[in-house]
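Participant: need a 3D model of the following:
(one chain, ligands or ions: 2)
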Amino acid sequence: MHSAATSAPRPRRFTAAGPLTGRIRVPGDKSISHRSIMLGALAVGRTRVTGLLEGEDVMSTAAAMRAMGASIERLPDGASGPEWVIDGVGVGSLLQPKQALDMGNSGTSTRLLMGLVASHAITATFIGDASLSKRPMGRVIEPLSQMGADFTAAPSGNGGGRLPLTLRGIAPAVPISYRLPVASAQVKSAVLLAGLNTPGITTVIEPVPTRDHSERMLKGFGAQLSVDVAPDGTRTIQLVGEAELRPQTIEVPGDPSSAAFFVVAALLVPGSDLVIENVGLNPTRAALFGVLRDMGGQIEELDRRNVGGEPVADLRVRHSALTGIAVDPAVVPSMVDEFPVLFVAAALASGRTLTTGLEELRVKESDRIAVMRAALELAGATVTETADGLIIDGTGAEPLPGTPEGAAVSTHLDHRIAMSMAVAGLASRSGVEVDDTRPIATSFPVFEALLARASRAEADGAA
Ligand SMILES: O=C(O)C1=C[C@@H](OP(=O)(O)O)[C@@H](O)[C@H](O)C1
Ligand SMILES: C=C(OP(=O)(O)O)C(=O)O
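Facilitator: Ligands and ions are numbered 1, 2, ... in the order given. So this is what the prediction gives:
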């Protein structure tokens, strides 16, 4: 169960430590890990996964797929770490779960699994923690209702529905052609996953590209899926339903969204020279690194290669003087989870950073625009909140003052706020007090241990 739901808050003060040096490896990609379990659970036969992220969000997905009939097991550590084996039930054969599916803190688990359940003749109730229970579900209820699924959801402020929610699926469901009203890989994926067990062709039209792991992995598992890109960039994704998925052997690359915290930390802390190995660089995910380079960050790609059908490289990151920029809103979907830590980089840059087009950040685990404004202000940064972003006037490499004695930044059950403000603490005079570090375990359970290791590597002479 989600640790933040069962234990007391765990506050911590993050303070300036030594430079970040040596070599580290961040855990597997969260998006790919969720999808490995879901698609493995729908294939006929045994899927094997190495590099799976063992964070609470992914474990929520695993528990739900077990409750619907799949067998999912972690084998003892082999040469390339633990291996997960998944014995799938086959598309169309998910079982009725006996209890409510507890999604913890995970929006991805909730929305993608709603897609799977929608086209099976089963009923499932979805529950989650206080953060997830505030997030909008109308965006998936709408297309999945068009496919024939039936929803009873708690009302939301904007009328769109939220958890707790009961979904009665239907088989056969109706194939639809759906144009995404919001740039969301979760909505796209929910419709495509529902399409797997739907006769005919399910179409998703995506005016703005979002992360494409579902498309890549569905093809990898043998589904018939095509992607057509129009001259204006609009993508039309078509999936042939009643698919038969073939089990796969998957190596999950490192999560660029987790690497992001170490990249920014190494850029900000004087003397740092850090290599982060095996970072996924799928172009629909990796825009942060380009933005940081545009700000003057020294980020080098070493040994670019392919892992599990995704581009990967080792990133060498050196302490750099950063300059504020206006971030092109067109890149937002390709770094949507990285803005909190980009704001921290901007707070230490020289000059002004302007971000726009970030409305979606307000409906993540917390309202990441308002929460980061409050957190950075408490740490002494100069920040202005707008309707769709933040304007940040950086210190020009002067450390932030840090949070005052007796005051802590509020993380609102949001892992990315906690880790971003930990990085701010490394670049502060008196440290940054974070009110609760428990949510970090949802996506990056070894974050604090890796941070301690990277900061100590030089002192210990370790590499
Ligand atoms: O599909 C996915 O795996 C994800 C999509 C994104 O959400 P949205 O689709 O809501 O933007 C992202 O924020 C989340 O961390 C993971
Ligand atoms: C938004 C995130 O995740 P989810 O939507 O899966 O809760 C995230 O990890 O930053």
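Participant: in the stretch 51-200 of the chain, which spans are helices?
Facilitator: Assigned by DSSP state H, counting those that start in this stretch, the helices in the stretch 51-200 of the chain fall at 56-67, 107-118, 138-146, 185-196.
Participant: who wins for proximity to ligand 1 among the ones you listed?
Facilitator: Of all those, the one in closest proximity to ligand 1, counting by CB to the nearest ligand atom, is helix 185-196 (3.5 Å). Just so you know, the C-beta spots here come from the backbone N, C-alpha and C atoms, and that holds for glycine as well.
Participant: touching ligand 1 at all, the closest one?
Facilitator: Yes: with CB under 6 Å from any ligand atom as the criterion, ligand 1 is reached by helix 185-196 at 185-186, 189.
Participant: and the helices of the stretch 51-200 of the chain as CSV, adding mean neighbour count?
Facilitator: CSV is the format used below for those (neighbours: other CB atoms under 10 Å):
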stretch, mean neighbour count
helix 56-67, 24
helix 107-118, 27
helix 138-146, 21
helix 185-196, 27
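Participant: any chance of CSV for those, columns mean pLDDT and distance to Arg316?
Facilitator: CSV is the format used below for the helices of the stretch 51-200 of the chain (pLDDT from 0 to 100; distance: least, CB to CB, whole Å):
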stretch, mean pLDDT, distance to Arg316
helix 56-67, 98, 28
helix 107-118, 98, 30
helix 138-146, 97, 39
helix 185-196, 98, 29
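Participant: these: which one's closest to ligand 2?
Facilitator: Nearest to ligand 2 among the helices of the stretch 51-200 of the chain is helix 107-118 (2.7 Å), distances taken as CB to the nearest ligand atom.
Participant: the closest one packs against which elements?
Facilitator: helix 30-42, helix 56-67, strand 123-127, helix 138-146, strand 162-168, helix 185-196 (3 or more CB pairs under 8 Å, 6 or more residues apart in numbering; DSSP states H and E).
Participant: how about a markdown table for those, with distance to Leu94 added?
Facilitator: Putting the helices and strands packed on helix 107-118 into a markdown table (distance: least, CB to CB, whole Å) gives the following:
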| stretch | distance to Leu94 |
| --- | --- |
| helix 30-42 | 8 |
| helix 56-67 | 8 |
| strand 123-127 | 9 |
| helix 138-146 | 15 |
| strand 162-168 | 12 |
| helix 185-196 | 11 |
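Participant: turn the ones you listed into a markdown table, including distance to ligand 2.
Facilitator: Converted to a markdown table, these look like this (distance: least, CB to the nearest ligand atom, whole Å):
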| stretch | distance to ligand 2 |
| --- | --- |
| helix 30-42 | 6 |
| helix 56-67 | 6 |
| strand 123-127 | 13 |
| helix 138-146 | 12 |
| strand 162-168 | 12 |
| helix 185-196 | 6 |
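Participant: I'd like to know which of those is closest to Gly104.
Facilitator: With CB to CB as the measure, helix 56-67 is the member of these nearest Gly104 (4.4 Å).
Participant: check whether the closest one contacts ligand 1.
Facilitator: No: remark: helix 56-67 sits outside contact range of ligand 1, by CB under 6 Å from any ligand atom, the gap being at least 8.6 Å.
Participant: stretch 117-135 too?
Facilitator: No: using CB under 6 Å from any ligand atom, stretch 117-135 never reaches ligand 1; the gap is at least 8.7 Å.
Participant: partner residues bridging the nearest residue to Ser177 once chain neighbours are set aside?
Facilitator: Sequence neighbours aside, Thr203 is the residue nearest to Ser177 in space, at 3.9 Å (criterion: CB to CB, 6 or more residues apart in numbering). Note on Thr203: beta-bridge partners by DSSP bridges are Ser177, Gln238.
Participant: just the pLDDT for Thr203.
Facilitator: Thr203 carries a pLDDT value of 99.
Participant: touching, Leu42 and Leu116? I think so.
Facilitator: Yes: counting by CB atoms under 8 Å, Leu42 touches Leu116, with 7.4 Å between them.
Participant: give me the common contacts of those two.
Facilitator: Here Leu42 and Leu116 share the contacting residues 94, 196, scored by CB atoms under 8 Å, 6 or more residues apart in numbering.
Participant: any residues of this protein in contact with ligand 1? List them.
Facilitator: Within the chain, the positions lying close to ligand 1 (CB under 6 Å from any ligand atom) are 31, 107-108, 184-186, 189, 211, 336-337, 360.
Participant: repeat that for 5 Å
Facilitator: Contact residues (CB under 5 Å from any ligand atom) of the chain with ligand 1: 31, 108, 184-186, 336-337.
Participant: low-scoring stretches of the stretch 201-350 of the chain, by residue?
Facilitator: Applying pLDDT under 70 to the stretch 201-350 of the chain flags no residue at all.
Participant: so which of the residues of helix 185-196 next to ligand 1 is the closest to Ala62?
Facilitator: Ser189 (17.1 Å).
Participant: what sits against the closest one?
Facilitator: If you count contacts by CB under 8 Å, 6+ apart, then Ser189 has 35, 111-112, 115, 214 around it.
Participant: do you know how far it is from Ile237?
Facilitator: Relative to Ile237, Ser189 is positioned 10 Å away (CB to CB, to the nearest Å).
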